[in-house]
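K.L.:
Please find the sequence and the predicted model below.
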Amino acid sequence: MKKGNNDSVYNQMQRMAELTVTMVLAGKMVRAKRLLESAEKLFLNGDYRSRNAVSNVYVYDVSTLLELHHYNVHTLLPIGLQKEYIKQINAF
């Protein structure tokens, strides 16, 4: 693993999560849905590292921030990401 790689898949997922939440909070739901669908496609079709980044960074960050702002996470997340979200909340 390279040190200092600012474009790692984990950093990209963090930026994508921030953008998704920003779009939801701004009321730009079409763009937010597109970002959520892109994350789900990467989660379903990506390699192990990509799926791990989507699960551990994207889903966690998006769900945490949306819950903080009192959004219903279940209605926003696509089915694949919903399942991963449910796994996360049941793990605690």
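P.N.:
Nice, thanks for sending it over.

K.L.:
ok, the most centrally placed residue in the chain to residue 31 distance?
P.N.:
Nearest to the geometric centre of the chain sits residue 58, at 2.8 Å (CA atoms, centre = their mean). Using CB to CB, to the nearest Å, one gets 16 Å for the distance from residue 58 to residue 31. Quick note: C-beta positions are derived from backbone N, CA and C, even for glycine.

K.L.:
related to what we said a few turns ago, now do the same contact list for the spatially closest residue to the residue nearest to the centre of the chain that is not a sequence neighbour.
P.N.:
Of all residues not flanking residue 58 in the chain, residue 13 sits nearest, at 4.4 Å (CB to CB, 6 or more residues apart in numbering). Applying CB atoms under 8 Å, 6 or more residues apart in numbering, we find residue 13 in contact with 39, 53, 54, 57, 58, 61.

K.L.:
ok, of those residues, which one's closest to residue 17?
P.N.:
residue 61 (3.8 Å; CB to CB).

K.L.:
May I see the buried residues of the host helix or strand of residue 35?
P.N.:
Here residue 35 is covered by helix 29-45, with elements defined by DSSP states H and E. Neighbour counts over helix 29-45 (16 or more other CB atoms under 10 Å) mark 32, 35, 36, 39, 40, 42, 43 as buried.
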